[in-house]
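Colleague: One predicted model, sequence on top.
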Amino acid sequence: MKDIATPSRTNEILKKYGFTFKKSLGQNFLIDPNILTSIVRYAELDDKKGAIEIGPGIGALTEHLARTAKKVVAFEIDQRLLPILDETLAPYDNVEVLNQDVLKADLKSVLEEQFAGIEDIMVVANLPYYVTTPILMKLLEEELPLEGIVVMLQKEVGDRISAKPGTKSYGSLSVAIQYYSEPETVMTVPKTVFNPQPNVDSSVIRLKMRKTPPVELDDSAYFFTVVRSCFGQRRKTILNNLTNNLEDGKKYKKEIEEALQSTNIDPKRRGETLTIEEFALLSNTLKRTIG
């Protein structure tokens, strides 16, 4: 069977349906089957596992998932693609396409209904660039019973996700993703293998879900508030950022200084130098004094 993800087959499908790309939906279709094979291999799927896909497009990755996994559930927001997917995925009886916005979907219910009897579920997707972070955070924050996540995204975002403290790419997204999972960049994908061609290269990131967080927190919501505050203005010190960005920070400047002192964190340091352990210690201390 001829793969969907070749330049000629993709063009044939687009022409047949008169499909035009919507820039607002970040539609870029992969036209290299070898890259799709690699993505599925990194997801370590087999005929006992389930796969969730987000933004299947015309079904290029979906068919590779369907050939490997027990069941595939794909979320597609663009209803113009539904008749195309009906045709391209017709050979596979283990695929369910849901015409839903994944950001509004009740994912726990979907998993319970669609993957009954399947224990190991992976998210495998070529994510639209414009909603990459909200989708990832929804998948992680809702504490779904996922084995892991393998996604293609903008290379710059991939660099931020796996960044280490003290690097230019390290920020609040790095801390958030690394709190919930262990990330690694498994491959770089050139912009030339997409139709239409995006402006930047992509990365494939694999997230292994943590069974327990790497740090103990008094209040996880407050922890993320503190982290975001510390990265409010990257050139500012931690003390400045916390004073200016935390609620009532100016009022509690003395307490913030004392919290930094008691945790042995130099107030002149910048947010990107703090490890996740230091952020946890700081947020727990602040929570007990001003939170």
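Modeller: Yep, that arrived.
Colleague: Show me where the protein has its strands.
Modeller: Ranges of strands within the chain are 29-30, 50-54, 71-75, 95-98, 121-126, 148-154, 181-189, 194-195, 202-209, based on DSSP state E.
Colleague: Nearest to Lys254 among those strands would be which one?
Modeller: Among those, the nearest to Lys254 by C-beta to C-beta is strand 181-189 (36.9 Å). For the C-beta atoms, the positions are set from N, CA and C on the backbone; glycine is no exception.
Colleague: ok, so what distance separates the residue nearest the centre of the chain from Val123?
Modeller: Centroid check for the chain by C-alpha atoms, centre = their mean gives Leu136 as the closest residue, at 2.9 Å. Noted for Leu136: a distance of 9 Å to Val123, by C-beta to C-beta, to the nearest Å.
Colleague: now swap in Tyr179 and tell me
Modeller: From Tyr179 over to Val123 the distance is 18 Å, taken as C-beta to C-beta.
Colleague: ok, so what distance separates the residue of the chain most remote from its centre from Ile290?
Modeller: Distance from the centre of the chain peaks at Lys254, with 37.5 Å (C-alpha atoms, centre = their mean). According to C-beta to C-beta, Lys254 and Ile290 sit 10 Å apart.
Colleague: Count the residues that sit near the nearest residue to Gln233 once chain neighbours are set aside.
Modeller: Of all residues not flanking Gln233 in the chain, Asn241 sits nearest, at 6.2 Å (C-beta to C-beta, 6 or more residues apart in numbering). Neighbourhood size, Asn241 [other C-beta atoms under 10 Å]: 23.
Colleague: For Lys2, list the residues it contacts.
Modeller: When contacts are counted by C-beta atoms under 8 Å, 6 or more residues apart in numbering, Lys2 touches Arg9.
Colleague: In this structure the residue nearest to the centre of the chain contacts Val150, no?
Modeller: No: with contact defined as C-beta atoms under 8 Å, Leu136 does not count as touching Val150 (11.8 Å).
Colleague: Identify the contacts common to those two.
Modeller: By the contact definition C-beta under 8 Å, 6+ apart, Leu136 and Val150 are jointly contacted by Leu207.
Colleague: before we move on, the earlier item: dump the residue contacts of the residue nearest to Gln233.
Modeller: Residues in contact with Asn241, defined by C-beta under 8 Å, 6+ apart, are Ser229, Cys230, Phe231, Gly232, Gln233, Gly271.
Colleague: change it to 6 Å
Modeller: Neighbouring residues of Asn241 by C-beta atoms under 6 Å, 6 or more residues apart in numbering: Ser229, Cys230, Gly232.
Colleague: Just among those residues, which is most surrounded?
Modeller: Ranked by neighbour count (other C-beta under 10 Å), the contacts of Asn241 have Cys230 at the top, with 31 neighbours.
Colleague: Could you give the number of residues near the residue nearest to that one when sequence neighbours are not counted?
Modeller: Nearest residue to Cys230, sequence neighbours excluded (C-beta to C-beta, 6+ apart): Gly271, at 3.5 Å. When neighbours are defined as other C-beta under 10 Å, Gly271 has 25 of them.
Colleague: Kindly report the same for Pro183.
Modeller: A count of nearby residues for Pro183, using other C-beta under 10 Å, gives 19.
Colleague: The one 10 residues further on now?
Modeller: Burial of Val193 is recorded as 20 neighbouring residues (other C-beta under 10 Å).
Colleague: what's the spacing between it and Val200?
Modeller: 13 Å.
Colleague: Would you confirm that Phe115 contacts Ala51?
Modeller: No: with contact defined as C-beta atoms under 6 Å, Phe115 does not count as touching Ala51 (9.5 Å).
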